[in-house]
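> Sequence and predicted structure, then a few things I'm wondering about:
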Amino acid sequence: MHLIPIKQKKSISKEACILFGSIFVEGAFIIYFSFTTKNVLSHSISLLLIAIITFPLGLLISRLLFPGKNISETIILSFCIGLPFSAGIWGIMAFSRVPMSFAVYFSATFAIPICLLFYLRRTLRFKNREINSNELCISIIILLLAFLWHSLMWANNNVPTDVDAQGSIYLQFLMKNQGYPFVYPFLDGTKAYINYPPCFNVIVVLLSKLKMSLVYKECMSVTVVCGSYFVIAVFLLAYFLSKRNILLAFIAGILTLNRAYLTQYNDGNTTEMLSFLSAACFIILLLQAFAEGSKKLSTIIAATAGFVLSVSALSNTEIFSWYAISLAVFFPFYLLSKTKSYSKDYLVLIVATFTCVAFVIPWLIVASGNHESVDFAHLKSQLATHLIPTLKCWHNPVFLVLSFTGIGILFFRREKIMVFLGMHALNMVVLLVHWKFLRFIGFKWFQFSPMQYWQYGGNGYYTTPFEYPSTFAIGWMSFTIVFPIATAYTLITILGFIKEIKNSFLEKYKALVISMIFLSVFQYYAYKNYLRYPEWLLETDYQALQWFQENTTFDDCLILNPINPIKLENGSYWSSDWVPLIAERRAISSRSLDIAAFQMKVADTCSVNKAELLDVYNNILQPSAYDILKKSNITHIFISALQSGNLMQDYQKASFLQLAHYYSIPNLGTAVIYKVK
């Protein structure tokens, strides 16, 4: 008689318990901060909405272009590439003057892909049905960690900390209320044509309409979501590049949250995050195009890669220019790669380049007008940076050493995308210091003007008739993709050298333990040393403007801003710049509108005299004040708490003004809003 063995219960491994526990802890933190901060709940809702809306398109593209990937890899990839593809389609629709209705725009990237997925369900069946729980869990861990990190940067902020963000948000505000691309920034019917890159702004406007929230709040949320997705994109790129080395990919993803990257929340215009995400997805697609055996499919993937790179241009042109230059330089550098397939690989590069050109050039022509030849008569000035000082200014020195060591490893391995990444880093180094070669050659037009103090790794300015990417921005942001991946390769190589350590605990977990120690120390110093800006806004001003937004309408209200910035003993104050964005009302003489003038073609027939209005603001009792305000359609005047003490006495005497609202906080002054009778 044979005994039938009792079926053993499947037990969950310790590794799986740790991964699921980490996800649970991160989820608990997100829930906690959602109820204890101003903005994390809004960010979480935006993350959920964007994930749902963009996933179907990402899944459709992933199944068509990556047919050999397993189920878990496809899920991660779908979330990663769905957002830039959706943003690209929405940007092109806006550029083509499709009315900005979230129902129309979301249908193009949500409803239609779902129908196609159902129609092509047999074609899109998985050949590889593997579901790797480690892949999924670690991807979720990285995404939630990145989302927490990004969200906490602005967890309790009233507005973004960078004043430069106002130009972009002001355009989003006009696009939301007046349509795109034609808007009416003034109440006299003057038209303006927006030529700012549309993709990021369109996402903000659509989400703002969907959630019925203010554009500046959604600008913060979309920035957080794009930044979180970018971290996943770097993780996925490193994962595919390293032939599924999940520890290396994990390290690369975490290292993306470095000092230079965190600084973007305090000195960027918010559109960089989508541009970086698009650039990372472009490299992922280029990697797949090179790896694909079918010439037909590799050509299709290459065209798709070119489209995604154009999305980078339609979000932030400076970041796009770095990778466009690297793509052009890669044509000869490709010869350094091993396992070459000349005809197929060069076809991939050519198709990707021309597809990108086809989408970008029409927009550049509209945005920039006719391109002028090199103008030697009007020389430009740019910061003259030095390689080591500017890199040390933005990056941890240990990070730099490990990164450049990793770049050497990439060149040593000579895989095609490894060569591309390494060559991109070298390109950026050349762009940083190219002015020294111009100085050495001694062109007559070249001039070097020294500065008294070093700034961003530069000690002077140089003149040039050419358009170059900003040198300090190159040292700051251009290495954001390559440095984390290169450092991860260096650390994995070091771990390989010490694998002979004999210790019962480290024998199994030594790589993970050593990595976590390094990452913990690295992230601590990254957080402690990134560039921080103040919020540039008093709570009294914010609350008064919130009241204004809730108690007035867009069509009949216009706020007159003071001259910017307000000069104080300890520096300058920029609260007035946020006036139209927090109140969502059009404003005269705001810095936002001044910035927007460079991004819009405004008709010369505008009757608003800003100098005249500023004089009225500071001299409200002058005899012509009322007539000027009425002629300019001014209905309300906002006075910052920092100025009300000096101005209210005169404003109270003006018979044509009525005190509409004031908000006072001890030690923070009183913000005031007057109504023109």
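Perfect, thanks for sending it. Note that the coordinates shown come from a computational prediction; the quantities given were computed from them, not determined experimentally.

> what sits against Ile254?
For Ile254, the contacting residues are Ile142, Leu145, Pro484, Leu519, Gln523, by CB atoms under 8 Å, 6 or more residues apart in numbering. Where you see a C-beta, it was placed from the backbone N, CA and C, and this is true even at glycine.

> Identify the farthest-apart pair in those.
Greatest spacing in these, by CB to CB: Leu145 and Pro484 (13.9 Å).

> of these two, who's got more company?
Pro484 (27 against 19; other CB atoms under 10 Å).

> The closest residue to the more buried one other than its chain neighbours: how many residues sit nearby?
Using CB to CB, 6 or more residues apart in numbering and skipping the chain neighbours, the partner closest in space to Pro484 is Leu255 (3.8 Å). By other CB under 10 Å, 27 other residues sit near Leu255.

> do the same with Ile138
22.

> And the average pLDDT for the helix or strand harbouring it is what?
Counting by DSSP states H and E, the element that carries Ile138 is helix 133-153. Averaging pLDDT along helix 133-153 yields 92.

> Run the chain-centre distance for that helix.
Mean-position distance between helix 133-153 and its chain equals 18 Å (CA atoms, centre = their mean, to the nearest Å).

> what does stretch 270-284 give?
8 Å.

> I'd like the average pLDDT over it.
pLDDT averaged over stretch 270-284 gives 94.

> Please verify my assumption that the residue nearest to Pro484 contacts Phe522.
Yes. If you go by CB atoms under 8 Å, Leu255 and Phe522 touch, sitting 6.9 Å apart.

> what's the overlap in contacts for these two?
Phe399.

> So in the chain, where's the weakest helix or strand by average pLDDT?
Lowest on mean pLDDT, DSSP states H and E among the helices and strands of the chain sits helix 591-596, with a mean of 61.

> any chance you could map the strands in this protein?
Taking DSSP state E, the strands of the chain run over residues 182-183, 192-194, 380-385, 448-455, 458-464, 558-560, 566-568, 571-573, 586-588, 600-602, 636-639, 657-665, 669-676.

> could you redo those strands as CSV and give each row mean neighbour count and distance to Leu426?
Compiled in CSV, those are given as follows (neighbours: other CB atoms under 10 Å; distance: least, CB to CB, whole Å):
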stretch, mean neighbour count, distance to Leu426
strand 182-183, 18, 42
strand 192-194, 21, 36
strand 380-385, 19, 16
strand 448-455, 11, 24
strand 458-464, 19, 20
strand 558-560, 24, 50
strand 566-568, 11, 45
strand 571-573, 14, 40
strand 586-588, 24, 46
strand 600-602, 17, 38
strand 636-639, 25, 51
strand 657-665, 16, 53
strand 669-676, 21, 52
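
> Give the closest residue to the residue nearest the centre of the chain in space, chain neighbours not counted.
For the chain, the residue nearest the mean C-alpha position is Met273 (1.7 Å; CA atoms, centre = their mean). Distances taken as CB to CB, 6+ apart put Cys226 closest to Met273, at 3.7 Å, once the chain neighbours are dropped.

> for the stretch 351-500 of the chain, what spans make up the helices?
Secondary structure of the stretch 351-500 of the chain, counting by DSSP state H, counting those that start in this stretch: helices at 387-394, 397-413, 416-441, 471-477, 482-497.

> Looking at these, which is nearest to Tyr663?
Tyr663 lies closest, by CB to CB, to one member of these: helix 471-477, at 37.7 Å.

> Please list the outside residues in contact with that closest one.
For helix 471-477, using CB under 8 Å, 6+ apart, the contacting residues are 260-261, 263-264, 272, 318-319, 322, 382-385, 387, 390-391, 393-394, 428, 431-432, 435, 455-458.

> wouldn't Phe554 be in contact with Glu584 here?
Yes. Counting by CB under 8 Å, Phe554 touches Glu584, with 6.8 Å between them.

> Now for those two: what residues contact both?
Asn177.

> Which one's more surrounded, those two?
A direct count of neighbours by other CB under 10 Å for Phe554 and Glu584 places Glu584 higher, at 19 against 15.

> which residues touch that one?
Per CB under 8 Å, 6+ apart, neighbours of Glu584: Phe173, Asn177, Leu214, Val215, Gln549, Phe554.

> Counting neighbours, what do you get for the fourth one?
Same thing as Val215. 26.

> any idea how far Val163 is from it?
16 Å (CB to CB, to the nearest Å).

> Kindly report the domain assignment for this protein.
36-529, 539-676 (automatic domain parsing).

> who's in contact with Lys211?
By CB under 8 Å, 6+ apart, the neighbours of Lys211 are Ser42, Ile45, Ser46, Leu49, Glu218.

> Kindly report the same for Asp650.
Asn619, Ile620, Leu621.

> got it, and Ala238?
Here Ala238 is in contact with Asn245, Leu248, Ala249, Ile251, Ala252, Gly253, Pro484, Ile485, Ala488 (criterion: CB under 8 Å, 6+ apart).

> Grab the nearest non-local neighbour of it.
Per CB to CB, 6+ apart, closest to Ala238 is Ala252, 3.7 Å.

> so what's the one you found up against?
Val234, Phe235, Leu237, Ala238, Pro484, Ile485, Thr487, Ala488.

> distance of the fourth one from Gln288?
Counting by CB to CB, the gap between Ala238 and Gln288 amounts to 14 Å.

> which stretches of the stretch 151-300 of the chain form helices?
Counting by DSSP H, counting those that start in this stretch, the helices of the stretch 151-300 of the chain are 165-178, 199-211, 215-241, 246-255, 259-263, 272-291, 295-313.

> could you dump the ones you listed to TSV with distance to Ser449?
As requested, the helices of the stretch 151-300 of the chain are exported to TSV (distance: least, CB to CB, whole Å):
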stretch	distance to Ser449
helix 165-178	27
helix 199-211	35
helix 215-241	35
helix 246-255	37
helix 259-263	26
helix 272-291	29
helix 295-313	32
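
> right, and those helices - which one's nearest Pro67?
Of those, the one closest to Pro67 (CB to CB) turns out to be helix 295-313, at 8.2 Å.

> which other helices and strands contact that closest one?
helix 40-65, helix 71-95, helix 272-291, helix 317-333, helix 342-368 (3 or more CB pairs under 8 Å, 6 or more residues apart in numbering; DSSP states H and E).

> Give me the neighbour count for Trp476.
Neighbour tally, Trp476, other CB under 10 Å: 26.

> which residues touch Thr223?
His150, Pro160, Tyr265, Thr270, Met273.

> Can you tell me which of the residues you listed are buried?
His150, Pro160, Tyr265, Thr270, Met273 (16 or more other CB atoms under 10 Å).

> mind putting those residues in CSV, distance to Cys137 included?
Shown next, in CSV, are the buried ones among the contacts of Thr223 (distance: CB to CB, whole Å):
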residue, distance to Cys137
His150, 20
Pro160, 32
Tyr265, 28
Thr270, 31
Met273, 25
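
> quick one: which of those residues is nearest to Phe85?
Using CB to CB, Met273 comes nearest to Phe85 of these, at 15.9 Å.

> Tell me how far that closest one lies from Thr161.
Taking CB to CB, one finds Met273 at 15 Å from Thr161.

> before we move on, the earlier item: put together a markdown table for the contacts of Ala252, with distance to Thr123 and pLDDT on each row.
Below are the contacts of Ala252 laid out as a markdown table (distance: CB to CB, whole Å; pLDDT from 0 to 100):
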| residue | distance to Thr123 | pLDDT |
| --- | --- | --- |
| Val234 | 31 | 97 |
| Phe235 | 29 | 97 |
| Leu237 | 27 | 97 |
| Ala238 | 30 | 96 |
| Pro484 | 36 | 96 |
| Ile485 | 34 | 97 |
| Thr487 | 40 | 96 |
| Ala488 | 36 | 95 |
